[in-house]
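> Sharing a sequence plus its predicted fold:
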Amino acid sequence: HEIAQSLGYGVCVLIGHKDYYPRFGYEIASKYGITLPFEAPDDCVMVKFLSDEGKSVTGVAVFPPEFY
């Protein structure tokens with residue numbers, strides 16, 4: 001997260017276990033209007049805001065081609 005912040009990223013989106021990632025500050029992404037371009041269980045799509053500006057991000061997350 002520190003490296004992502006230093007590079008100017010305001011948000012981190014991941015697909016992970018719903019009981020593991022909240023301990024690191026992750027929340028359900030759909031709660032903030034963030035979705036994926038492919039199917040994944042809603043409670044496993046998580047987001048962590050790295051800046052105040054990041055909290056305004058909504059829409060479809062972009063992933064590398066390997067995820068499609």
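All right, it came through fine. Numbers count the residues shown, from 1 in each chain.
> check contacts around the residue most central in space within the chain.
For the chain, the residue lying nearest the average C-alpha position, counting by C-alpha atoms, centre = their mean, turns out to be residue 13 (1.7 Å). With contacts defined as C-beta atoms under 8 Å, 6 or more residues apart in numbering, residue 13 is in contact with 29, 34, 45-47, 61. Backbone N, C-alpha and C define where each C-beta goes, glycine included.
> Could you tell me what pLDDT the model assigned to it?
Residue 13 carries a pLDDT score of 95 in this model.
> what is it paired to in the beta sheet?
Counting by DSSP bridges, residue 13 is bridged to residue 47.
> Report the two of the contacts of residue 13 separated the most.
Every pair in these was compared (C-beta to C-beta); the two farthest apart turn out to be 46 and 61, at 10.6 Å.
> Dump the contacts of residue 13 to TSV, plus distance to residue 8, neighbour count and pLDDT.
As requested, the contacts of residue 13 are arranged in TSV below (distance: C-beta to C-beta, whole Å; neighbours: other C-beta atoms under 10 Å; pLDDT from 0 to 100):
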residue	distance to residue 8	neighbour count	pLDDT
29	20	25	97
34	18	19	97
45	23	20	97
46	21	24	97
47	17	24	97
61	17	19	93
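> Out of the residues you listed, the closest to residue 18 would be?
Each of these was checked against residue 18 using C-beta to C-beta; the closest is residue 46, at 7.6 Å.
> OK, contacts around the closest residue to the closest one other than its chain neighbours?
Setting aside the residues directly before and after it, residue 46 is nearest to residue 26 in space (C-beta to C-beta, 6 or more residues apart in numbering), at 3.9 Å. For residue 26, the contact set (C-beta under 8 Å, 6+ apart) comprises 12, 14, 16, 46-48.
> Next: residue 34.
Taking C-beta under 8 Å, 6+ apart as the definition, contacts of residue 34 comprise 11, 13, 45, 47, 57-61.
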